[in-house]
Structures are given as structure tokens and as C-alpha cells.
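J.: give the three-dimensional model of this entry:
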Amino acid sequence: MTADTSASFLLHPGAPDSPVILHVPHSARAIPADVRTGIVLDDRALAAELDHITDAYTERIATAAARAARVTPWRFVNRLSRLVVDPERFPDDREEMLAVGMGAVYTRTTHRAELRPADTDVQPLIDRYFHPYAQAMTAAVAERLETTGRAVVVDVHSYPAEALPYELHGDGPRPPVCLGTDSFHTPGPLLDAARQAFGGFGGTALDTPFSGTYVPLRYYGRDPRVGALMVEIRRDLYLDERGAPRDEGVEALAGALAGLVERISG
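T.: Numbering: from 1, shown residues only. As a prediction, the model looks like this:
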């Protein structure tokens, strides 16, 4: 099962017997021209916002991890910026980030400035981008369940060393690696495997400064065969002061992620 390469997302096949899906939702910077017209920032300000909001090079880390793992995981990659839609938000009033204008479609920036007019009709973007993404991710999980009897979604993210104004919980610890969990979908062995895999980077912590993890709503809180974990990598582990990737950092993190994949694939 693969998505069309012209789509806003792409599913890279893994080993037929792998239950693992590396989910990379926030690594891209691309914004379609017709979506760009609805954003009020000028080009310079938009570039700066993309620097803040993009989980830069997380796709590169996931790709290298997939190549290094003994059992190749599947990879589901968002090819568009989260400024188009954020596929990990709830598309309704359940989303707490609506409080800062950052629901499924953002109307405010990381610094709480205007991104889109407050009266923007966000439904066309949700219909065009959010729902197809969610449906495809649901199908990918369903296929892993049917083929292997289980699915493990590992969210691959990064975050800045210093809190940004949009963060609702930015006053907590900012460990080298934050592990986001769910009480239903993150079993102890999965969490233990992640702690072992990322233990060499100076420490891990749970659900700080970001919490939770992505599970398709069809399975959320319902199917324990779907495991899920969010890996939030602090960006100074692999980016230099200009925001460029440091090869040794990328390689080390990819190796750790590959180790996690191997621990949970059997």
C-alpha cells in the first residue's frame, strides 16, 4: 500500500512483517500556492515562522533509521508544512491548542501573532488535507493489524531548547529526549524500549514539555493492539546554531531510533 507521490503525504513501505510505522508529521516546509494566499505573513516573516515551527530534518532521521534497522519499519511522512494543516490536532473543540489559535488549522503563529485572519473558514483545508491524511494513516494502521496482528506508531518530532510563546506547557523540563505517552496505547515494554534506545543522549523524560502521541481516532482508546509513542528530540542534539544539521548528531539519533525499532519489531 503506497500513497500517490503527488499526494500531500507518502507511505514508504517497510518489511511485510514489521508492525512499526514511523510517523513524521512536521518535517516539511512546503505550502501550496493557493494556501499561501490565505497566510498574512510576508515571505520573510513566513520563512522565520517555518524555522520555528518545522521539525527540521526529522524525515532524514527517520529515513536513516529505517535503512539501519534489521526489520525495515514503514514510514508515513507528511509532505506539506503543518502550517497547511496539522494532522496531529483534533479537528474540533477537543483540541486544547485552539486556545492559542493552533488547532488543526493555525490562525496564530508561534509568537501568537496573526497567521490567518480570525474569520478564516478552515473547513476547506480540513476537507482537502486533514481528512485524507487521517484516512490514509488509519488505513496504514489497519493494514499492519491485518498483516501482523499489531501496530506500533512511533511519532518522530523535534523541539527547540528554549520555549516558544505558543507552548501551553513550556515551563516544564526540556530534556534531550521527551517521550510522549498515552495511558492506553503506550504499554510499559514500549516505554522501556524507548528509554533504553535514547538513554545515551543525556536523559529522557515523560510528557514534558509535550505530551501524548498520535493514534488514528478509529482505534484511539479502543484497540490495545495499537501501540503508540511520541519521540520529541531537542534540536540542539543535531542542529547547529544556524539550524543546519550536524551529521554526527543525525547519525547517532538515527541509530538510536533504529535500535528502538528493532526492540519493538519482534
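J.: list the buried residues for stretch 89-108?
T.: The neighbour-count check on stretch 89-108 (16 or more other CB atoms under 10 Å) flags 89, 91, 97, 100-108 as buried. Yep, even glycine has a C-beta here, placed from its N, CA and C like the rest.
J.: what is the nearest of those to residue 209?
T.: Within those, proximity to residue 209 (CB to CB) peaks at residue 97, which comes in at 13.4 Å.
J.: please report how far the closest one lies from residue 210.
T.: 11 Å (CB to CB, to the nearest Å).
J.: Throw the buried residues of stretch 89-108 into CSV and include distance to residue 59, secondary structure and pLDDT, thanks.
T.: Formatted as CSV, the buried residues of stretch 89-108 follow (distance: CB to CB, whole Å; DSSP: H, G, I helix; E, B strand; the rest coil; pLDDT from 0 to 100):
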residue, distance to residue 59, secondary structure, pLDDT
89, 20, coil, 94
91, 24, coil, 87
97, 23, helix, 90
100, 26, helix, 92
101, 26, coil, 91
102, 22, strand, 94
103, 24, coil, 93
104, 21, coil, 95
105, 22, coil, 96
106, 20, strand, 97
107, 26, coil, 97
108, 26, strand, 97
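J.: nearest to residue 217 among these?
T.: residue 91 (9.4 Å).
J.: wait, that closest one sits on residue 130?
T.: Yes - counting by CB atoms under 8 Å, residue 130 is a contact partner of residue 91 at 5.7 Å.
J.: so for the two, which residues contact both of them?
T.: Jointly contacting residue 91 and residue 130 under the rule CB atoms under 8 Å, 6 or more residues apart in numbering are residue 104.
J.: would you map the strands across the stretch 1-150 of the chain?
T.: Applying DSSP state E, counting those that start in this stretch to the stretch 1-150 of the chain gives strands spanning 9-12, 20-24, 74-78.
J.: dump the last one to CSV, restricted to CA.
T.: Okay, so that is strand 74-78. In CSV, the C-alpha atoms belonging to strand 74-78 read as follows (Å, rounded to 0.1, in the frame of the first residue of the first chain):
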residue,chain,number,x,y,z
TRP,A,74,7.1,1.6,7.5
ARG,A,75,7.2,5.4,7.2
PHE,A,76,4.3,7.7,6.9
VAL,A,77,5.6,11.2,6.0
ASN,A,78,3.7,14.5,5.7
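J.: who does that strand touch, helix- and strand-wise?
T.: Where contact means 3 or more CB pairs under 8 Å, 6 or more residues apart in numbering; DSSP states H and E, strand 74-78 is packed against strand 9-12, strand 20-24, helix 58-68, helix 131-148.
J.: right, so of the ones you listed, which gets closest to residue 158?
T.: Nearest to residue 158, of all the helices and strands packed on strand 74-78, is helix 58-68, at 5.5 Å by CB to CB.
J.: that closest one - what's its average pLDDT?
T.: Mean per-residue pLDDT for helix 58-68: 98.
J.: pull the CA atoms of it into PDB?
T.: Output in PDB follows, covering the C-alpha atoms of helix 58-68 (Å, rounded to 0.1, in the frame of the first residue of the first chain):
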ATOM      1  CA  THR A  58      13.200  14.600  11.300                       C
ATOM      2  CA  GLU A  59      12.400  12.900   8.000                       C
ATOM      3  CA  ARG A  60      16.100  12.400   7.400                       C
ATOM      4  CA  ILE A  61      16.500  10.900  10.900                       C
ATOM      5  CA  ALA A  62      13.600   8.500  10.300                       C
ATOM      6  CA  THR A  63      14.800   7.600   6.800                       C
ATOM      7  CA  ALA A  64      18.300   6.700   8.100                       C
ATOM      8  CA  ALA A  65      16.800   4.700  11.000                       C
ATOM      9  CA  ALA A  66      14.600   2.700   8.600                       C
ATOM     10  CA  ARG A  67      17.700   1.900   6.500                       C
ATOM     11  CA  ALA A  68      19.700   0.900   9.500                       C
END
